[in-house]
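Participant: Build the 3D model from these lines:
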Amino acid sequence: MELTSAISSYVNKKAEAIERFVPEGEEVIISVEVGKTTKHHKQGDYFKAEFDVSLNGENFFTDSEKSDLYKAIDDAKDELIKRIKNNKKRKNTLFKRGAVSIKKMLKGFSKRDPYTSK
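Facilitator: All right, here's what the predicted structure looks like:
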């Protein structure tokens, strides 16, 4: 499949949308692969979009196959943003749980050792 300037600019615009969800000061590497897959579909052309993001040592990958290339790109971008947000929420939750545990220990309400899970 030939990469046209319209497809290239559309992918760049979607990559910029992903960068908005990356915290400031963090390095992000985004790899995008688009193509046509027709070997396993009997009716019409199917397009595939793959996004691979490396964000401070963590890798996020998603892909999508749709009958329209732009829909495949949008779907993959949305799934990737969802994964990045979920990871951020998970990190914040773990941090808050640890902070609450240490606060209880310092106040004397808990005998739990914060360095072990017991």
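Participant: in terms of contact, does D74 touch K14 like I think?
Facilitator: Yes: D74 sits in contact with K14 when judged by C-beta atoms under 8 Å, with a separation of 7.2 Å. All C-beta atoms are positioned from the backbone trio N, CA, C, and that covers glycine.
Participant: quick one: which of the two has more around it?
Facilitator: Regarding D74 and K14, a neighbour count based on other C-beta atoms under 10 Å identifies K14 as having more, with 21 against 17.
Participant: What does the pLDDT read for that one?
Facilitator: Turning to K14, the model gives it a pLDDT of 89.
Participant: can you give me the helices in this protein?
Facilitator: Listed from the start of the chain, the chain has helices (DSSP state H) covering 5-19, 69-107.
Participant: With respect to D63, which of these lies nearest?
Facilitator: Across the helices of the chain, the minimum distance to D63, taken as C-beta to C-beta, is reached by helix 69-107, at 6.0 Å.
Participant: Just the buried residues of that closest one, please?
Facilitator: Within helix 69-107, the residues scored as buried using 16 or more other C-beta atoms under 10 Å are L69, Y70, A72, I73, D74, D75, A76, K77, E79, L80, I81, I84.
Participant: Tabulate the residues you listed in CSV, adding columns for pLDDT and distance to V34.
Facilitator: Output for these, formatted as CSV (pLDDT from 0 to 100; distance: C-beta to C-beta, whole Å):
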residue, pLDDT, distance to V34
L69, 89, 6
Y70, 92, 10
A72, 91, 7
I73, 92, 7
D74, 92, 12
D75, 93, 12
A76, 92, 9
K77, 91, 12
E79, 92, 15
L80, 91, 14
I81, 89, 18
I84, 85, 20
